[in-house]
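S.K.: Okay, predicted coordinates and the sequence, questions at the end:
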Amino acid sequence: MLTIMRKDKAKASFLRRQGRSYTEINNILSVPKSTLSGWFRGVAWSDKIKSTLQIQASRDNRVKMRSLVHARGERLAKIYEQGGQEAREEFERLKYHPLFTSSICLYWGEGNKASRYNVTIGNADPLMIRVFVDFLKSICGVAPDKIRAYILIYPDLNSIHCIEYWMKNTGLTKINFTKCVTITGRHATRRVKYGVCTVGISSRYLKEKMLIWLQLLPLALTNDEFMRV
């Protein structure tokens, strides 16, 4: 048994000096990694190999991560390209639909255009918010529980009453609302009776489509196409 262990240790030492990891040696000799660790613990040349292997592993991981990010970026670019084509086809089908065109106009005037992901509008008029909510549900196919809303209020407004008002008049439910955001300005009292509601969804895919629609609708409105209908 001792002779076998000595032979295994000699073989393991030879493999280790070649720069093999404990896992590789274990796969070749079936020597437990705990045993290998005991054999080579504190051995200067083995510690140097360990450090070299760690550096190489770190480099390999960075290369893999970059490859994954690049692959993910390529897939996303392809998906967004498909979304753009889909948006153009949908525009041709929906450009005379009043809910579609009115909602694009709402977003044109009131929407968040700076964010890469948020498709949201904010306004004090509940009917305007309701139209956009219906657009998200009916036209865009957004599940009702995925829509998020919050209300900007002044300190003298009651947040519960404000949420109840917006639920009653917009078709939203309690699960759609996050906490109200209290704001202060030159005057710490109400400017609007029930605050300003912001509603929408975070979706890069839908945002890409919305940006396409924002390009196409003004072009359609400024030629005589709609005038002929």
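M.R.: Yep, it's here.

S.K.: ranges for the strands of this protein?
M.R.: Along the chain, counting by DSSP state E, strands occupy 118-123, 148-153, 181-182, 196-202.

S.K.: What are the structural domain limits within this protein?
M.R.: Using automatic domain parsing, the domains assigned to the chain come out as 2-41, 98-204+217-228.

S.K.: and these, which is most packed in?
M.R.: domain 98-204+217-228 (a mean of 16; mean count of other C-beta atoms under 10 Å). Backbone N, C-alpha and C define where each C-beta goes, glycine included.

S.K.: Okay, now the unreliable bits of this structure?
M.R.: 1-6, 53-54, 56-73, 185-190, 224-229 (pLDDT under 70).

S.K.: now do 80
M.R.: Flagging of the chain using pLDDT under 80 yields the residue ranges 1-9, 16, 43-83, 184-191, 223-229.

S.K.: Asp101 and Leu94: what is the separation?
M.R.: One thing to correct before we go on: residue 101 is Thr, not Asp. Between Thr101 and Leu94 the computed distance is 8 Å (C-beta to C-beta, to the nearest Å).

S.K.: Looking at the strands of the chain, spot the one closest to Met210.
M.R.: Closest approach to Met210 among the strands of the chain is made by strand 118-123 (5.5 Å; C-beta to C-beta).

S.K.: who's in contact with Gly122?
M.R.: Counting by C-beta atoms under 8 Å, 6 or more residues apart in numbering, Gly122 touches 110, 112, 152, 196-199.
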